[in-house]
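Q: below are the sequence and a predicted model; questions follow.
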4 protein chains.
Amino acid sequence: MRIQPDIIRQFNEQAHEEHHRKLNALQHMRNNANELEHVIQKLMAMQIAIPSWALGTGGTRFGRFAGGGEPRSLEEKLEDIGLLHALNGNSGAVSLHIPWDIPENYEAIRSLAAELNIKFDAVNSNTFQDQVGQPHSYKFGSLADYSKEVRAQAVAHNIEVIRHGEALGSKSITVWLADGSSFPGQQSFRRSFEYTLDSLQQIYAHLPDDWRMFVEYKPYEPNFYSTVIQDWGSSFLLASKLGKKAYSLVDLGHHLPNTNIEQIVSGLMMEGKLGGFHFNDSKYGDDDLTVGSIKPYQLYLIFLELVEGMESEDFAWMIDASHNIKDPLEDLLQSVEAILIAYAQALLIDKEALKKAQEEKDVSLCQEILQDAFRTDVRPLLAEARLRKQAALYPLKLYRKLQVREQLIESRGSEVAATGL
Amino acid sequence: MRIQPDIIRQFNEQAHEEHHRKLNALQHMRNNANELEHVIQKLMAMQIAIPSWALGTGGTRFGRFAGGGEPRSLEEKLEDIGLLHALNGNSGAVSLHIPWDIPENYEAIRSLAAELNIKFDAVNSNTFQDQVGQPHSYKFGSLADYSKEVRAQAVAHNIEVIRHGEALGSKSITVWLADGSSFPGQQSFRRSFEYTLDSLQQIYAHLPDDWRMFVEYKPYEPNFYSTVIQDWGSSFLLASKLGKKAYSLVDLGHHLPNTNIEQIVSGLMMEGKLGGFHFNDSKYGDDDLTVGSIKPYQLYLIFLELVEGMESEDFAWMIDASHNIKDPLEDLLQSVEAILIAYAQALLIDKEALKKAQEEKDVSLCQEILQDAFRTDVRPLLAEARLRKQAALYPLKLYRKLQVREQLIESRGSEVAATGL
Amino acid sequence: MRIQPDIIRQFNEQAHEEHHRKLNALQHMRNNANELEHVIQKLMAMQIAIPSWALGTGGTRFGRFAGGGEPRSLEEKLEDIGLLHALNGNSGAVSLHIPWDIPENYEAIRSLAAELNIKFDAVNSNTFQDQVGQPHSYKFGSLADYSKEVRAQAVAHNIEVIRHGEALGSKSITVWLADGSSFPGQQSFRRSFEYTLDSLQQIYAHLPDDWRMFVEYKPYEPNFYSTVIQDWGSSFLLASKLGKKAYSLVDLGHHLPNTNIEQIVSGLMMEGKLGGFHFNDSKYGDDDLTVGSIKPYQLYLIFLELVEGMESEDFAWMIDASHNIKDPLEDLLQSVEAILIAYAQALLIDKEALKKAQEEKDVSLCQEILQDAFRTDVRPLLAEARLRKQAALYPLKLYRKLQVREQLIESRGSEVAATGL
Amino acid sequence: MRIQPDIIRQFNEQAHEEHHRKLNALQHMRNNANELEHVIQKLMAMQIAIPSWALGTGGTRFGRFAGGGEPRSLEEKLEDIGLLHALNGNSGAVSLHIPWDIPENYEAIRSLAAELNIKFDAVNSNTFQDQVGQPHSYKFGSLADYSKEVRAQAVAHNIEVIRHGEALGSKSITVWLADGSSFPGQQSFRRSFEYTLDSLQQIYAHLPDDWRMFVEYKPYEPNFYSTVIQDWGSSFLLASKLGKKAYSLVDLGHHLPNTNIEQIVSGLMMEGKLGGFHFNDSKYGDDDLTVGSIKPYQLYLIFLELVEGMESEDFAWMIDASHNIKDPLEDLLQSVEAILIAYAQALLIDKEALKKAQEEKDVSLCQEILQDAFRTDVRPLLAEARLRKQAALYPLKLYRKLQVREQLIESRGSEVAATGL
């Protein structure tokens, strides 16, 4: 299913009065046209990759309640992202997961993506599950396993993932490692780390010159005592030892309770080692909820850091959520919206005024400056950015008006489960 | 120091154009005049008590960095609250702490308060510190202590606090108990709880008929292994056993990491046992930061619960923060502002639409409804409510323009420390 | 597969010298024969139920790495528990899970259990997953669902579970409710609670007179914003409203970070509402690791509370762990061992001395008393208790010597997955 | 007050039979004389520094309940440590805190320390409090402050601390920095980090060649939004940039909930950057409780890592606790005991067997090996090590028998407060 430009244009025309009224109101509220125009330009340029596995219904260890109309193939996954991108103009990239998304025909997939205006972002390897027919099991580890054979298999898989990525035009690989232990004494922390470094070095040796490698960290789950790459410090250490093309990747849900994530983001940027970002939200652990649904202020504080780095560097943005009870496409629309709101608010900050207040140790004023931007209703700017890109003023409304899900169920069936998680 | 109505009127006149522009913009944004008028009315009626100890600079166990111009007496504390109330019109109540705030002349204090339009909210007892000349120490406990003499002394103190409150026109007492243990085995949980119940019953017996008793809970600090009243369950149990006039009091900072506080608020209201509320914010523990400075969305979610209960019940609202590095008066102005913003946003919710979405299990729509209100910039409504009450359109701006702190330092000195913490 | 008494006797004879040496050493260490004999008697009497689902390999949302020789039927599950019970003499009860364990022939199952000396402990209902052909989905809730039909179906299921339990001789039902929400606003806390109470009352009405109902609580997972029965307070409230036969059930893994679980245990016992206990261990969330593998001191502190209650009341003890990377039977042997060690240590406490030290506020001495017992190596007492019951002195050693797992794999195959999770 | 060797000898003679019985029992329990002798030798060599501020009663932000007989001068602090060292033979070092412990006469202090057999461990600077007459305040920061003057003052103080340490024979300085922010936006993370690095480099330039600098980290408190050196990653980064003589220092209480501290210890050792260790225990935050009183198994797991590093490297061990309700000297005796127990248990591990089990992925066996050592009652080994060093078999017993505290109160008074916190 595709949404034709005409449909969107028509919808926007009907919604134009409302939009105009709101944008106008915001202009009166802020009273600074240049500032708002600057934000609109930035919003138009922002692209957030959609992971191929986020298009189906996710689950927990207690089960999974399937939704309907899920994509049954890589082609249908791209089609779904095409729908998102048509609606909001900010979802023009896909992050593939190997082996779930191995193309049968590279050329056809590239053409389809080009047609939908979708780029290939980071490719992801999978050594946290066993695939049918796989000689060695990852039950006790992969890149960090004590068995040479297991490590070799995991290294080879990652190299293969790079090959798939190259064939599609991707320029980076994300390595998320589930390796770790569930019980004290099960493994030597040191030995596991050294194996991991060695394995990553082998993969790194096969990394094309214009590629980047993202090393993800996570404190726990699926292992419940230790993870080999447990925090930004370990990820940074590995990325430093690997070389210039290696970076850390921050996933919002991969932190212990109360972690100051924005400080980590700042630190990694300072050292030139922030590479990618996985957006989601959570209250307890790696809950993988819709971005901005639980802690929107934290998201905004993170963007306050990011906007500085974004001026000089190029980060890989990706949503990494699990849609257990919502329609995945609706959830993704809400997530992109929340990211853009935080981004827009962060752009509104008067940096010079903030810097001055900081230097004068005027803590109350620093807070006023931060909260003024956060309390501003920037949604009309998002709508305006979409309007200018021929995307929908109100993506979720149009999605529902067009009954996209109903149509997908009709064409794909209600009992399918997307490949992957 | 007092701020004359003329000064405020003059300030408001100068700021009127800006305010009018913004209020107008909000009206265009929301397009529903009745809704906004309703919120303004509610905001005008809201009063939040200021604790007498919050007017001085707080500290940590590592030290305290005094500010200047702190109030040196109960009279000066009331004067400070008078300043706040003149500025924002929402701070017309004080919560006293005995023995720090024992009046020398009740009549004079009552007159002063009446003059400043300040009411006496809940009085607070203190059995977590020893006072000079006190026969028995609270080092190991007070209402829950193993020694009969200590408990009797603590009970008598609370009864005395009620007497002070009666003389001033207060109608409730808040009992916050530091009692607990720092090491496993130090106390029997059961025995401590039974002593506490017994002591509270003795105090309750002296509670005037039109008074309420608020039982506060807290998981840890100053004891580091257990607190006798550690959570809402224990507080509720005690309040239930005590009787109709006993209620639980929720302090936002008194919860374990990741606690869903809004659910606790809902539960206590359902059982008719929510009595009071201490506002502050925190990232790690009982950090006592400015309200809304860390988790504004959580504050909003809590108000979503509260607005329902507020229709039929009367709660005791109080700020309970510690101002370690900000000017306490500025901090309190920011806190009240944050509370009112959350309240206003919660009032914007279309309850019927939300109920319908919940019944239809339309999770995405539920989120849209919640976030639509939260993302709305309601600040012009707060300003309008203040304008109508002859308070300042922008309290913090006027506070700074009038150089209130500088004047207080001049009159009170820069080396004073407020009585209390 | 069964282990014949002769095999055990033979093993014990070979190990007797070692055991005798160690028991003797412990007697010299403690120098108090009566005390040790008392502990041995208590240990002999202790029985811990094994949940039927714990006999297979568990998994996480990222996948499951099957082990071999898992039980393929209820009969084989009982057979596995029979093995455990033969080895340690403390695993003489099973907790069934409906619908995973519905017997085809009640009489045959009862006979088999009697033959293996296994009793039927609490039965468990399941409304957190959909079963094939089920008319209504539990995707958004069960006993607390907004749809009358869903609630009715869930109530009927629980009543049916009671019927199965009656037929087997069980005397209690455990209700663990996954109901809750993953997003703010998705449900009304109050309405969900009221539905839950109403549903539980309907089930309670069908509870036989000599049965008990255990209401479990959990802060999060599988829902990630709120759980209807989120903590002991809510569980206690429901149990109180339901009536005398309703109790709270504590699962060690169902608490927020840093919770003082032993205090909760004490509080529930004080109110006569502690009914059951699920043992496991965890570092981060509901990790369901081997009992005692992460926080053995906490387990001991919990038993310090329990030993008091055990004198007058009868609790339902059960292990509730997930064996993702260990042989489930080995894991269960280790768990039972850890429980008995904590129990034995708690029994060693000189209660009168502790009470006196508490009254004298001698905090250092309180700690000495607690740690003296914890630091004592009580393992010879466990061995002696087993020896007297014709179980194996060293269960895990014998399990490995007999190559039980290898035999199970041979007879059941290496590719099976136990029914259930 | 000093305890004469004769007094100890006499006490040991009376306790000898009990000790002999227990040591003998342990030998029968373990059945491996070489192993035990090896542990005894290691225990005899272990020395743990006592911080000078730990000899008085600590407090919280809510107050402080003084004990009696606290040391009133540096001399009396050394005297107290002399008492500890005489009793347990493992407390032969002191860690001074400047400016609280500036000696009036270096030579006299050195003589006194030599007489008491006490060495001077790391010296500690203090830029988290303002001292009377100090030109610039540390209210908003010290080494990371935005004002050049404040930073210069803090740098100069640290250099002065090194000078004091040199005069006494210390060989290291510990820098614990309270610097950070309590509100989002108050400071730029990056700028604060860069100032910190610059300041530390200036101090480092004054570090004698045979000295080490320990950079401590802490996630929060006294600042409640961010700390400049918030975790091991930041500490490691600074230590790496500073040079060979700079190391990280781990304080057990300075971690977010659920942190795997032993993994951090392993990682820092692997990189050759673990320098020092502050022992204490906690349940919630930086509770500074007696070592081993809350999580003894975690302490043991940490020692499992440390014993490897201790073979080749030299770490600075120190207790850093706050004794709010116990007699500080009793508390310190309990802390040293807990440390030695964990150390002894860690030494009992059969490393080769563990390595083999890890390689064979025999997770259950790994756990058995770890828990076997932890469950062993090693206390007779500690007593034996003390006996051989002419210290007391049972230090706390002798301390109480000699009524040390009563004597200290008599000579020093009951109303004194130790200098410092």
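A: Thanks, I have it.
Q: surely A:Pro71 touches A:Arg412?
A: Yes. If you go by CB atoms under 8 Å, A:Pro71 and A:Arg412 touch, sitting 7.2 Å apart. Where you see a C-beta, it was placed from the backbone N, CA and C, and this is true even at glycine.
Q: which of those two has more residues huddled nearby?
A: Per other CB atoms under 10 Å in any protein chain shown, whichever of A:Pro71 and A:Arg412 has more neighbours is A:Pro71, with 22 against 19.
Q: give me the distance between the more buried one and chain D.
A: Noted for A:Pro71: a distance of 37 Å to chain D, by CB to the nearest CB, to the nearest Å.
Q: skip the chain neighbours and tell me the closest residue to that residue.
A: Once flanking residues are discounted, A:Pro71 sits nearest to A:Lys77: 4.4 Å by CB to CB, 6 or more residues apart in numbering or on different chains.
Q: isn't the one you found right up against A:Pro51?
A: No. Contact criterion CB under 8 Å: A:Lys77 and A:Pro51 do not qualify, at 9.5 Å.
Q: need the overlap of contacts for the two.
A: Listed contacts common to A:Lys77 and A:Pro51 are A:Val94; contacts here mean CB atoms under 8 Å, 6 or more residues apart in numbering or on different chains.
Q: mind listing the strands for the stretch 51-200 of chain A?
A: Along the stretch 51-200 of chain A, the segments classed as strands by DSSP state E, counting those that start in this stretch run A:93-95, A:119-120, A:123-124, A:172-175, A:180-181.
Q: list the contacts for the residue sitting nearest the centre point of chain A?
A: The centroid of chain A falls nearest to A:Met318 when counting by CA atoms, centre = their mean (1.7 Å). Neighbouring residues of A:Met318 by CB under 8 Å, 6+ apart: A:Ile48, A:Ala49, A:Ile50, A:Pro51, A:Ser95, A:Asp121, A:Ala122, A:Gly276, A:Phe277, A:His278, A:Phe279.
Q: hey, what's it bridged with?
A: Beta-bridge partners for A:Met318, by DSSP bridges, are A:Ala49, A:His278.
Q: what pLDDT is listed against A:Thr419?
A: On the pLDDT scale, A:Thr419 is placed at 57.
Q: quick one: buried residues of whichever helix or strand A:His19 is part of?
A: In this assignment (DSSP states H and E), A:His19 forms part of helix A:5-30. Residues of helix A:5-30 classed as buried: A:8, A:11-12, A:15, A:19, A:22-23, A:25-30 (neighbour count, 16 or more other CB atoms under 10 Å in any protein chain shown).
Q: tell me the residues on the stretch 251-400 of chain A that lie near chain C, please.
A: For the stretch 251-400 of chain A, the contact set with chain C under CB under 8 Å from any CB of the partner chain comprises A:257, A:282-285, A:287-290, A:293-294, A:322, A:324-326.
Q: contacting chain D as well, which ones from these?
A: Checking these against chain D (CB under 8 Å from any CB), the matches are A:Pro257.
Q: contact partners for the closest residue to chain D within the stretch 101-250 of chain A?
A: Using CB to the nearest CB, the closest approach of the stretch 101-250 of chain A to chain D is made by A:Gly233 at 2.7 Å. Residues counted as contacts of A:Gly233 (CB under 8 Å, 6+ apart) are D:Asp231, D:Trp232, D:Gly233, D:Ser234, D:Phe236, D:Gly267.
Q: please read off the pLDDT at the last one from the model.
A: What that stands for is D:Gly267. pLDDT for D:Gly267: 98.
Q: that one contacts D:Trp232, correct?
A: Yes. Contact criterion CB under 8 Å: D:Gly267 and D:Trp232 qualify, at 7.2 Å.
Q: neighbour count winner among the two?
A: Legend: neighbour count by other CB under 10 Å for D:Gly267 and D:Trp232, higher for D:Trp232 (27 against 24).
Q: spatially nearest residue to that one (excluding sequence neighbours)?
A: D:Ile264 (4.8 Å).
Q: what's near enough to touch A:Thr127?
A: Applying CB under 8 Å, 6+ apart, the residues near A:Thr127 are A:Tyr138, A:Ser142, A:Leu143, A:Ala154, A:His157, A:Asn158, A:Leu177, A:Ala178, A:Asp179.
Q: which one of the strands of the stretch 51-200 of chain A lies nearest to D:Trp100?
A: Among those, strand A:180-181 comes nearest to D:Trp100, with 43.1 Å by CB to CB.
Q: the closest one vs chain C: in contact?
A: No. Strand A:180-181 lies out of reach of chain C by CB under 8 Å from any CB, never closer than 8.6 Å.
Q: show me what that strand is packed against.
A: Judged by 3 or more CB pairs under 8 Å, 6 or more residues apart in numbering or on different chains; DSSP states H and E, the packing partners of strand A:180-181 are strand A:226-227.
Q: hmm, the strand it packs on in reach of chain C?
A: No. Contact of strand A:226-227 with chain C (CB under 8 Å from any CB) is absent, the minimum separation being 8.8 Å.
Q: what mean pLDDT does that strand get?
A: Here strand A:226-227 scores 98 as its mean pLDDT.
Q: which strands or helices does that strand pack on?
A: Here strand A:226-227 touches strand A:180-181, going by 3+ CB pairs under 8 Å, 6+ apart.
Q: so what touches the strand it packs on?
A: Strand A:180-181 has contacts (CB under 8 Å, 6+ apart) with A:Gly141, A:Ala144, A:Gln187, A:Ser192, A:Tyr220, A:Asn223, A:Tyr225, A:Ser226, A:Thr227, A:Val228, A:Gln230.
Q: save the contacts of A:Gly233 as CSV, and put in secondary structure too.
A: Below are these laid out as CSV (DSSP: H, G, I helix; E, B strand; the rest coil):
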residue, secondary structure
D:Asp231, coil
D:Trp232, helix
D:Gly233, helix
D:Ser234, helix
D:Phe236, helix
D:Gly267, helix
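Q: out of the residues you listed, who's nearest D:Trp211?
A: When these are compared against D:Trp211 (criterion: CB to CB), the nearest one is D:Phe236, at 19.3 Å.
Q: give me every residue that touches that closest one.
A: Applying CB under 8 Å, 6+ apart, we find D:Phe236 in contact with A:Gly233, A:Leu237, D:Ser248, D:Leu268, D:Glu271, D:Lys273.
Q: and of those residues, the nearest to A:Glu107?
A: Nearest to A:Glu107 among the contacts of D:Phe236, with distances taken as CB to CB, is A:Leu237, at 40.3 Å.
Q: count the neighbours of the closest one for me.
A: 23.
Q: element containing it, please.
A: Using DSSP H and E, the element containing A:Leu237 is helix A:232-242.
Q: kindly export that helix (C-alpha atoms) in CSV.
A: Extracted in CSV, the C-alpha atoms of helix A:232-242 (Å, rounded to 0.1, in the frame of the first residue of the first chain):
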residue,chain,number,x,y,z
TRP,A,232,29.5,3.7,28.2
GLY,A,233,32.9,3.3,29.8
SER,A,234,33.4,-0.2,28.4
SER,A,235,31.9,0.7,25.1
PHE,A,236,34.2,3.7,24.9
LEU,A,237,37.2,1.6,25.9
LEU,A,238,36.5,-0.8,23.1
ALA,A,239,35.9,1.9,20.5
SER,A,240,39.1,3.6,21.5
LYS,A,241,41.1,0.4,21.1
LEU,A,242,39.5,-0.5,17.8
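Q: that one - what's its average pLDDT?
A: The average pLDDT for helix A:232-242 rounds to 98.
Q: which residues touch the residue lying closest to A:Tyr394 once chain neighbours are set aside?
A: With CB to CB, 6+ apart as the criterion, A:Tyr394 has its nearest non-adjacent residue at 6.0 Å, and that residue is A:Ala15. A:Ala15 makes contact with A:Leu393, A:Tyr394, A:Lys397, according to CB under 8 Å, 6+ apart.
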